[in-house]
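A.B. asks: I'd like to go over a predicted model; first the sequence, then the structure.
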Amino acid sequence: MRDLKLPEERHPEKAHRPDQAQPKKPDWIRVRAPNSEGYKQTRDILKEKELVTVCEEAACPNVGECWSARATRP
């Protein structure tokens, strides 16, 4: 897992900017952490290839659903 507090781990455009305070997400948008085999395989491939996705940067609540179907876009 990337440590976004380290500049070299962040997106180049965000690496040297201070973090913006993020408001708490409402209860209705919260989802359980993904744990399917397809999700884990996709995550491992992305980590191995050192790729970052829009899904990760945006903290997309649907990442588990998409990655389980192996529908990622680096």
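C.D. replies: Ah, there it is.
A.B. asks: Now the host helix or strand of Glu65: buried residues?
C.D. replies: Assessed by DSSP states H and E, Glu65 sits inside helix 63-68. Buried residues in helix 63-68, counted by 16 or more other Cβ atoms under 10 Å: 63-64, 66-68. For the C-beta atoms, the positions are set from N, CA and C on the backbone; glycine is no exception.
A.B. asks: just checking, what packs against it?
C.D. replies: Contact here means 3 or more Cβ pairs under 8 Å, 6 or more residues apart in numbering; DSSP states H and E; on that basis helix 63-68 packs against helix 37-48, helix 54-57.
A.B. asks: now the last one, how far from the chain's geometric center?
C.D. replies: Computed by Cα atoms, centre = their mean, to the nearest Å, the separation of helix 54-57 from the middle of its chain amounts to 4 Å.
A.B. asks: can you start the count at 19 instead of 1 from here on
C.D. replies: OK, 19 is where the count begins now, so the last one is helix 72-75.
A.B. asks: how about the most centrally placed residue in the chain, what does it touch?
C.D. replies: Geometric centre of the chain, nearest residue: Glu74, 1.8 Å, by Cα atoms, centre = their mean. Applying Cβ atoms under 8 Å, 6 or more residues apart in numbering to Glu74 gives the contacts 20, 81.
A.B. asks: give me the number of residues near Glu26?
C.D. replies: 8 (other Cβ atoms under 10 Å).
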